[in-house]
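*Asks:* Predicted coordinates and the sequence they were generated for:
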Amino acid sequence: MKKKLGICIPLSDEEYKKVEEYCDITYIETNDMSEEDLCDKLNGNEIIVTMGEYAGKTTIDKWADNGLEFLINARGTPTMVDWQALHDRGIPLGHCPGRNAVAVVEFTVGLMIMLLKKINQAMIGMHDGYYLGEEKDNVFDYIEKKDVNWNYDEGSPYMTMGFGGELYGRTVGIVGYGAIGRKVAKICKAFNMTVMAYDPYFPKEKMEEDGAIPSTVEDLLKNSDIVSIHLPVTEETRGSIDDEWFNMMKPSALFINTARAAVVKQEALVKALEEEKIAGAALDVFWEEPIPSNHPLLKMKNVITTPHMASLTYEVYNVWTNKLVIDHIIRYCEGKPMENIWKKLK
């Protein structure tokens, strides 16, 4: 007998057929749907798959009273689900760790390169009309020269921006050595970087197997040229990156955050940049999104800001996430041991 499945993420035709072998499927589009409506539309299913929709205690209790046995949240960290309510009802919570790992890793290393080589400053300068020559009637008409270069006059990019740098030979500090941090470390090793890593919950011997140096926070911050944050938001990590952290970093160091803004005290970061305690930052996440238009970080030339887009790839939402969700569903239906079950409680 097929299981009843309520799902909030779209599946391809091929994926639908694969799941349909095991389940009677109810697909719900949840755009701007209230929690109450979500609760009613998915009620009565043995398996429920959510993503960004909130499911609190009242919703979970109602679902549990009407046959829910397995809830899957199609995110790495299921922040929109009341974990404790599920635990109290004895219902496992499947999640999708690493679904956005490739996307965020590539984005993170891209930010390192952009910031270190000052690509953002050059792009903005060109776009805003700096560093440019006079207008020409025919831009395709030019005199060929052996050496084509911008000049070294006052106001040229070479004089105003100064030297960039190379990843090669530098030290990167990875704070949080989970699915994303570990992959960032691997790519940084390919650039011939020294990798230091801090994660009190990850085995040191496995870090060493990866070629990373297990480190204390203090050693990592004092020795890293680039500090890259890959922490979840927990009671332990919330606001943990503060004045003390930035005071330990090199004045030449760069700070990268593609994880969550809540782990950083924003006043401390702004102060560190204004007082030149660090050389620059690249941020894809903010304390309030959209970020207020008058936020001081937006006016700093040595800060790259992007609108929480590191994981915004086709592959994250249509390949990796669906693969993990379907694996959850099939394992449950076949009675196989469950993997990627959320174990943390609030």
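*Replies:* Structure received. Since the structure is predicted, the reported quantities are computational estimates derived from the model, not experimental observations. Numbering: from 1, shown residues only.
*Asks:* could you say what helices and strands the helix or strand bottoming out on mean pLDDT in the chain packs with?
*Replies:* Ranked by mean pLDDT, DSSP states H and E, the weakest helix or strand in the chain is helix 157-160, scoring a mean of 87. With contacts taken as 3 or more CB pairs under 8 Å, 6 or more residues apart in numbering; DSSP states H and E, helix 157-160 sits against helix 119-127. Just so you know, the C-beta spots here come from the backbone N, C-alpha and C atoms, and that holds for glycine as well.
*Asks:* distance between the helix it packs on and the chain's centre?
*Replies:* 24 Å (CA atoms, centre = their mean, to the nearest Å).
*Asks:* repeat for stretch 206-225
*Replies:* Worked out by CA atoms, centre = their mean, stretch 206-225 lies 21 Å from the chain centre.
*Asks:* Show me what counts as buried in the helix of greatest length in the chain.
*Replies:* What stands out as the longest helix in the chain, according to DSSP state H, is helix 101-116. Across helix 101-116, burial judged by 16 or more other CB atoms under 10 Å covers 101-105, 107-112, 114-116.
*Asks:* Residue 283: which of those is nearest?
*Replies:* residue 111 (8.6 Å; CB to CB).
*Asks:* Enumerate every residue touching the closest one.
*Replies:* 256, 258, 282, 284, 304, 306 (CB atoms under 8 Å, 6 or more residues apart in numbering).
*Asks:* Among those residues, which are located in strands?
*Replies:* 256, 282, 304 (DSSP state E).
*Asks:* domain assignment for this structure?
*Replies:* Using automatic domain parsing, the domain ranges for the chain come out as 3-99+315-334, 101-128+158-305.
*Asks:* Nearest to residue 144, out of these?
*Replies:* Of all the domains of the chain, domain 101-128+158-305 comes closest under CB to CB, at 21.9 Å.
*Asks:* Going along the chain, name the helices of this structure.
*Replies:* 13-20, 35-42, 57-65, 83-88, 101-116, 119-127, 157-160, 179-190, 204-209, 217-223, 243-248, 266-274, 314-315, 321-334.
*Asks:* buried residues in the third one?
*Replies:* Meaning helix 57-65. 59-64.
*Asks:* Also stretch 236-246?
*Replies:* Neighbour-count burial for stretch 236-246 flags 237, 240-241, 245-246 (criterion: 16+ other CB under 10 Å).
*Asks:* Turn those into a markdown table, columns for pLDDT and distance to residue 89.
*Replies:* Converted to a markdown table, those look like this (pLDDT from 0 to 100; distance: CB to CB, whole Å):
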| residue | pLDDT | distance to residue 89 |
| --- | --- | --- |
| 237 | 96 | 28 |
| 240 | 98 | 32 |
| 241 | 98 | 36 |
| 245 | 98 | 39 |
| 246 | 98 | 43 |
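*Asks:* Count the neighbours of residue 256 for me.
*Replies:* Number of residues near residue 256 (other CB atoms under 10 Å) recorded here: 27.
*Asks:* what's the distance between it and residue 281?
*Replies:* 7 Å (CB to CB, to the nearest Å).
*Asks:* can you check residue 314 too?
*Replies:* When residue 314 is compared with residue 281 (using CB to CB), they lie 28 Å apart.
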